[in-house]
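Asks: Sequence and predicted structure below; questions after.
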Amino acid sequence: MGHLYKHDKNSVSLKNIIDDFTVNFDGNTFYFDTNIKGYEKIYVNFSIKNIDHALGFDKLQERPAKDFDKLLALIRSNSYNYDNLKQDKAYKDIRDRFEHYYFINNVFYPENDDHNQFMISVRGDMRRLGRVELVIYEPINNRRNVIIGLIPISNKSNHFAIATLHVRTNNTFFNVYRAKVTAKGWL
């Protein structure tokens, strides 16, 4: 399977997103070497379970299955699709996550060097991000950024998991330290 890059928001498929993440990310680890003190080596561990919160499935008010594994099975069989998702009252709050899923591929599987211009920052004073400790972000336009929020994995030093995928206004990132990535790759 190829990677999902920027796409027409009218052609989003939940099954394609889940299949892409399963094939290209689930069970794998990516590393960044940075110039951030205390975060010189950052490991991002991927699990399909992280998609539940990252894409906002946990926020659905009319979720067809409480258990994420059952929801995955419904999506994989096309019994629950993007049209079903759009009918949920919480859709307006999570829509950007699905429309910008491609950013995950842009960061970890860049098509070319132009898609390597993302930034990593220590959380600093970014409100409403809960346990997120690091963010990877890229401007969408002059007013908004797409971000991947990373939370620490409690039993491993400098190991993180994707916790969220959001769109935020630029002023969120004015006073945060931007790291320089000196090396990166898959383990």
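Replies: Nice, I can see it. Given the structure is predicted, the values throughout are model-derived calculations rather than measurements. Numbers count the residues shown, from 1 in each chain.

Asks: Going by C-alpha atoms from here, please, whenever you check contacts or count neighbours.
Replies: Fine.

Asks: which intervals of the chain have sub-threshold pLDDT?
Replies: Residues of the chain that meet the criterion pLDDT under 70 lie in 1-12, 111-130, 170-177.

Asks: which stretches of it form strands?
Replies: Listed in chain order, the strands of the chain (DSSP state E) span 29-34, 41-45, 119-122, 134-139, 144-152, 159-169, 181-186.

Asks: What's the local residue count around Leu187?
Replies: Residues lying near Leu187 (other C-alpha atoms under 10 Å) number 8.

Asks: what does Tyr109 give?
Replies: Neighbour count of Tyr109, defined by other C-alpha under 10 Å: 18.

Asks: Now do stretch 86-97: everything it contacts.
Replies: Here stretch 86-97 makes contact (C-alpha atoms under 8 Å, 6 or more residues apart in numbering) with 54-56, 59-62, 85, 165-167.

Asks: Could you pick out the longest helix of this protein?
Replies: In the chain, taking DSSP state H as the definition, the longest helix is helix 14-24.

Asks: Which strands or helices does that helix pack on?
Replies: When contacts are defined as 3 or more C-alpha pairs under 8 Å, 6 or more residues apart in numbering; DSSP states H and E, helix 14-24 packs onto helix 68-76.

Asks: ok, and for the helix it packs on, which residues are buried?
Replies: By neighbour count on 16 or more other C-alpha atoms under 10 Å, the buried set for helix 68-76 is 68, 71-72, 74-76.

Asks: With stretch 33-51 instead?
Replies: In terms of neighbour count (16+ other C-alpha under 10 Å), stretch 33-51 has its buried residues at 33-34, 36, 39, 41-48, 51.
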